[in-house]
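Visitor: structure here, sequence nowhere to be found:
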C-alpha cells in the first residue's frame with residue numbers, strides 16, 4: 001500500500017450558512033463561529049463567494065472572517081471593481097475568479113480566457129502584485145486552459161457540475177475530460193482545484209482519478225448533508241474519502 005505525499009485540501013464554502021442567517025435577519029447561525037468550528041473539525045480552508053446583491057455572504061462578512069481564519073482563506077467571485085477592492089483589502093490566501101453574472105443563481109460556466117485575455121491578465125497581475133494566489137474557474141477546454149497559463153494564473157478550478165450530473169446517472173466515463181484537463185494544466189505549470197456539485201457520493205471517485213488535485217471547494221452538498229449527519233461528522237467523512245482516494249492497494 002502506497003500513500004501519496006500530497007493530499008487534496010478540503011475548503012468549505014460557507015455561503016449556505018450565510019443564506020440561512022439572512023433568512024431571519026439576525027445573526028443565527030453565527031457565520032464566524034461556524035467558520036471557527038469548521039476549521040476545528042479539520043477542514044483545511046474556508047471559501048466564500050460574495051455577490052453584489054449580498055444575498056448570502058455580505059461584504060462585511062469578508063472582513064469579519066479574516067481574523068479568525070487560521071487555515072486557507074479563499075474568496076471567489078466575478079472581478080468587478082467592488083470585488084477587486086474587497087479582495088485587496090482582505091488579502092486572502094487565494095482568489096478564485098468566476099464569471100458569474102450579477103443575477104446568476106449559482107456559478108454555471110467557466111471563463112473564456114481567450115476572449116477575456118486582456119482583462120483577466122490585468123486582474124491577475126494586480127492580485128499577484130499583492131501576493132494573492134489566483135485561480136480561474138474553468139471548463140474542459142484546452143485553448144482556455146493554455147490561455148489561463150499565459151495570462152499568469154497560478155491555478156485553475158475545474159467546474160465539475162457536468163461530471164457530478166453524469167456520475168449520478170452512472171456514467172463514470174464523465175471523469176475522462178477532467179483527467180485530460182488536469183494533465184494538460186499540470187504540464188503548463190498550473191495547479192489544479194475543483195468545485196461545484198461535488199458531494200459525499202462522488203468526491204472519492206473524483207479525487208482518486210484527478211492527478212495533482214490540490215484542493216476541492218465544497219459548500220451546498222456539504223451543508224445539506226450536514227443537516228442529516230452533523231457538520232463535524234460530514235467534514236471528517238469528506239477528509240476520510242479524500243485521504244482514502246490517495247491510497248493505492
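Guide: On my side now, so go ahead. What you see is a predicted model; the values in this text were computed from it and never measured.
Visitor: secondary structure class of the most centrally placed residue in the chain, three-state.
Guide: Geometric centre of the chain, nearest residue: residue 217, 3.4 Å, by CA atoms, centre = their mean. Secondary structure, DSSP: H, G, I helix; E, B strand; the rest coil: residue 217 is strand.
Visitor: contacts only, for it.
Guide: Residues near residue 217 by CB atoms under 8 Å, 6 or more residues apart in numbering: 11, 12, 13, 45, 47, 74, 76, 96, 157, 193, 194, 195. The C-beta positions use only the backbone N, C-alpha and C, and glycine is treated the same way.
Visitor: nearest residue to it in space, please, no chain neighbours.
Guide: Excluding its sequence neighbours, the residue lying closest to residue 217 (CB to CB, 6 or more residues apart in numbering) is residue 195, at 3.7 Å.
Visitor: relative to residue 51, how far out is that neighbour?
Guide: 16 Å (CB to CB, to the nearest Å).
Visitor: returning to what we had before: out of the contacts of residue 217, who's nearest residue 229?
Guide: residue 12 (14.4 Å; CB to CB).
Visitor: who does the strand or helix carrying the closest one pair up with?
Guide: Using DSSP states H and E, residue 12 falls within strand 9-13. Strand 9-13 has its sheet partners listed here by DSSP bridges as strand 45-48 (parallel), strand 213-218 (parallel).
Visitor: export those strands to a markdown table and tack on distance to residue 137 and mean pLDDT?
Guide: Formatted as a markdown table, the strands paired with strand 9-13 follow (distance: least, CB to CB, whole Å; pLDDT from 0 to 100):
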| stretch | distance to residue 137 | mean pLDDT |
| --- | --- | --- |
| strand 45-48 | 12 | 98 |
| strand 213-218 | 10 | 98 |
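Visitor: returning to what we had before: pick out whichever of residue 195 and residue 51 has more residues nearby.
Guide: Neighbours were counted for residue 195 and for residue 51 using other CB atoms under 10 Å; residue 195 has more, 25 against 22.
Visitor: low-scoring stretches of this structure, by residue?
Guide: Across the chain, the ranges flagged by pLDDT under 70 are 1-5, 101-108, 248-249.
Visitor: where exactly do the helices run in this structure?
Guide: Secondary structure of the chain (DSSP state H): helices at 15-24, 31-40, 59-65, 81-90, 117-129, 142-150, 161-168, 176-187, 203-209, 220-229, 231-245.
Visitor: got the ones you listed as CSV, with distance to residue 109 columns?
Guide: Formatted as CSV, the helices of the chain follow (distance: least, CB to CB, whole Å):
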stretch, distance to residue 109
helix 15-24, 18
helix 31-40, 27
helix 59-65, 24
helix 81-90, 17
helix 117-129, 14
helix 142-150, 11
helix 161-168, 9
helix 176-187, 15
helix 203-209, 19
helix 220-229, 17
helix 231-245, 25
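Visitor: mind putting those in CSV, distance to residue 110 and mean neighbour count included?
Guide: CSV is the format used below for the helices of the chain (distance: least, CB to CB, whole Å; neighbours: other CB atoms under 10 Å):
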stretch, distance to residue 110, mean neighbour count
helix 15-24, 19, 16
helix 31-40, 26, 18
helix 59-65, 23, 16
helix 81-90, 17, 16
helix 117-129, 12, 16
helix 142-150, 7, 19
helix 161-168, 10, 17
helix 176-187, 10, 16
helix 203-209, 17, 19
helix 220-229, 18, 16
helix 231-245, 23, 18
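Visitor: nothing else from me, thank you.
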